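1. next come a sequence and a model predicted from it.
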Amino acid sequence: MIPVNDLIKEAKQGSLKSFEELVLLYQDRVYTHCVHLANNNYDAQDLAQDVFVQAFKNIRSFREEADFGTWLHRIAINLWINWCRKQKRAVMVSLDEPLMYGDNELSRELAASQESALEILERTELHEQVRQALNRLPPEYKAVLVLREMEGYSYEDIAGFLNCSLGTVKSRINRARKALLKEIKAGQNGGSQ
């Protein structure tokens, strides 16, 4: 297997094969990151594809001071934030609503588990409240919470992804957590404040 640094150097010199190898190495991590940001597979696939298109276009500008994966994550975050800013309103789809397939309605069913129906319902409701509250946050807040709380990145890694200081990251995460809590409470009270 060719070392990542060699693949990067070859890709910078125009080797499509080397860039394809980089895509294969990083596609799962980038896609998972995009799913956390976009909250659905369809948008995550588009976002992940756009990440690699941007990376291909800009591979020559990649300074090998940072990890290649970090650079890809930074591209994903920037693309996602820009996409959010362009959207006037996000369309929310309820998991409780049936799917339409032609003229037919298909219901979603859950597989049985060891949890009681009440436990499943409570966990599902909590996850849905958190997801909805997270989606109401500004993109910059959502990005830091996804990176820290869902993907487990360190503050230093997040600062690298977002190209900002460690203090800014800590402050933004703190404000994002407070904003998320406020949104969850507002959702429980029947609406945004």
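-> Everything's here; your move. Here the structure is a predicted model, which means the values were calculated and not measured. Numbering: from 1, shown residues only.
2. OK, contacts around the most centrally placed residue in the chain?
-> With distances taken as Cα atoms, centre = their mean, L37 lies nearest the centre of the chain, 2.2 Å away. Neighbouring residues of L37 by Cβ atoms under 8 Å, 6 or more residues apart in numbering: 44, 47, 76-77, 80, 142-143, 146. Placement of C-beta: from N, CA and C, glycine included.
3. and if you look at I8?
-> By Cβ under 8 Å, 6+ apart, I8 lies in contact with 18, 22, 59, 62, 64, 68.
4. work out for me the element it sits within.
-> Element membership of I8 [criterion: DSSP states H and E] is helix 4-12.
5. burial of R131, as a residue count?
-> Residue crowding around R131 was assessed by other Cβ atoms under 10 Å; the count is 13.
6. need the pLDDT of it.
-> We have a pLDDT of 81 for R131.
7. that one touches A38, doesn't it?
-> No - in this structure R131 lies outside contact range of A38 using Cβ atoms under 8 Å: 11.8 Å.
8. quick one, strands of this protein?
-> Assigned by DSSP state E, the chain shows strands spanning 99-101, 104-106.
9. now do the last one, average pLDDT.
-> Regarding strand 104-106, the rounded mean pLDDT is 64.
10. hang on, the earlier thing: what's the farthest-apart pair in the contacts of I8?
-> Greatest spatial distance in those: S18 and E64, 14.1 Å, computed using Cβ to Cβ.
11. out of the two, which sits in the busier spot?
-> Applying other Cβ under 10 Å to S18 and E64 shows that S18 carries more neighbours, namely 19 against 12.
12. that one: what's it in contact with?
-> Neighbours of S18 in contact, by Cβ under 8 Å, 6+ apart: 2, 6-8, 10-11.
13. also G160?
-> 66, 70, 74.
14. out of the contacts of I8, which is nearest to Y153?
-> Set against Y153, the nearest of the contacts of I8 by Cβ to Cβ is F68 (15.5 Å).
15. pull the residues that contact stretch 129-147.
-> With Cβ under 8 Å, 6+ apart as the test, stretch 129-147 has contacts from 33, 36-37, 39, 73, 77, 80-81, 84-85, 90, 92, 153, 157-158, 161-162, 169, 172-173, 175-177, 179-180, 183-184, 186-188, 192.
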